[in-house]
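> The sequence and its predicted three-dimensional model are supplied below.
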Amino acid sequence: DSAVPVPVESLVLAASHAFTLLEHPLAERIARAAVDAGDPFESRLLLGAALSAQLRIAEGEDVLVTAVDIARDESERARALGRLGLHVAIRAGRVQDALKLLREGLDSLDDPAWRTFLTADLTKIEVMAGEAHRDVEAPRSGDVVARANECIAGALLGALGGDISTALARAEEGLELADHVRSMLPNITDLMLLGRYLALGFSGDSAAADALALDQIERARSGRSEPLGMWIALRASTALLVGDTASAIALAGEARPL
């Protein structure tokens with residue numbers, strides 16, 4: 001807000017921090033400043049993600065498409081395609097379009113690490129579409145970002161597929177990697193904890209799942225970055241698992257405006 005010039009790298013870093021803290025309007029504002037300051041790619045990726053998080057669907061998609069178009073190497077292209085695919089599937093609700101986008105994007109990549117990264121995002125959307133059929137394997141990529149993305153997919157797919165031990169192992173590995181990849185995978189901690197929650201719930205340990213959700217709700221209410229609404233909604237799911245319909249309805253009502 002001052003007249004002092006700010007290095008573009010600092011703007012990109014600040015936008016990334018704001019997004020990680022779920023301060024999406026602030027992330028949008030700083031990312032726009034970074035675009036104006038001449039950053040060619042990272043700022044647009046962050047701007048598209050911030051717009052998407054605010055449910056500004058068309059604006060977010062336009063920016064993310066631009067990020068794909070201006071990507072200068074396979075790292076940038078894979079990350080932009082992954083973010084765009086998840087936006088199209090989750091925010092816009094066009095799951096089949098997202099699958100087509102990522103499958104075609106995968107064919108355009110040669111680097112094994114970034115093919116692995118994008119395959120993990122494709123697997124997440126296949127799970128949403130009920131099409132996932134891959135075996136859950138230990139992450140194979142030597143690139144830390146691609147490996148972390150494999151952990152996210154492995155934890156979620158393992159939990160949903162009933163492979164509880166693998167899901168928990170992938171969640172633990174992903175949490176260990178989180179601090180090293182947060183600038184590129186800003187929601188990794190939440191997703192890893194979600195994988196752990198699902199694994200605990202599907203294993204029948206609803207008490208442990210509920211304890212995890214309660215801990216994250218406490219952290220969120222103390223001003224940390226965990227998404228409060230998601231964890232309250234997950235507690236509603238836990239209540240349904242044990243047949244406590246009244247609590248499930250009350251918790252879902254609490255989560256809805258969040």
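On my side now, so go ahead.

> now the helices for the stretch 51-200 of the chain?
Ranges of helices within the stretch 51-200 of the chain are 57-70, 74-86, 95-107, 112-129, 144-161, 164-181, 188-202, based on DSSP state H, counting those that start in this stretch.

> Quick one: closest of those helices to Leu22.
Taking CB to CB, helix 188-202 is the member of the helices of the stretch 51-200 of the chain nearest to Leu22, at 9.4 Å. The way it works is simple: take the backbone N, C-alpha and C, and place the C-beta from them, glycine included.

> any idea of the angle the helix or strand just after the closest one forms with helix 188-202?
Of the helices and strands lying after helix 188-202 in sequence (DSSP states H and E), the nearest is helix 206-221. In terms of direction (axes from the mean of the first three to the mean of the last three CA atoms, to 10 degrees), helix 206-221 departs from helix 188-202 by 160 degrees.

> tell me the average confidence for helix 206-221?
Across helix 206-221, pLDDT averages out at 86.

> Could I get the buried residue list for it?
Neighbour counts over helix 206-221 (16 or more other CB atoms under 10 Å) mark 206, 208-210, 212-213, 216-217, 220 as buried.

> can you put these in JSON lines and add distance to Asp121?
Conversion of those to JSON lines gives the following (distance: CB to CB, whole Å):
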{"residue": "Ser206", "distance to Asp121": "30"}
{"residue": "Ala208", "distance to Asp121": "29"}
{"residue": "Ala209", "distance to Asp121": "25"}
{"residue": "Asp210", "distance to Asp121": "29"}
{"residue": "Leu212", "distance to Asp121": "25"}
{"residue": "Ala213", "distance to Asp121": "25"}
{"residue": "Gln216", "distance to Asp121": "24"}
{"residue": "Ile217", "distance to Asp121": "28"}
{"residue": "Ala220", "distance to Asp121": "25"}
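
> Identify the farthest-apart pair in the residues you listed.
Ser206 and Ala220 (20.6 Å).

> Below-threshold pLDDT in this protein: ranges please.
132-142, 183, 223-226 (pLDDT under 70).

> Contacts for the helix or strand harbouring Arg235 next, please.
Using DSSP H and E, Arg235 maps to helix 228-241. Residues outside helix 228-241 that contact it (CB atoms under 8 Å, 6 or more residues apart in numbering) are 190, 194, 197, 201, 206, 209-210, 213-214, 216-217, 220-221, 245, 247-249, 251-252, 254-256, 258.
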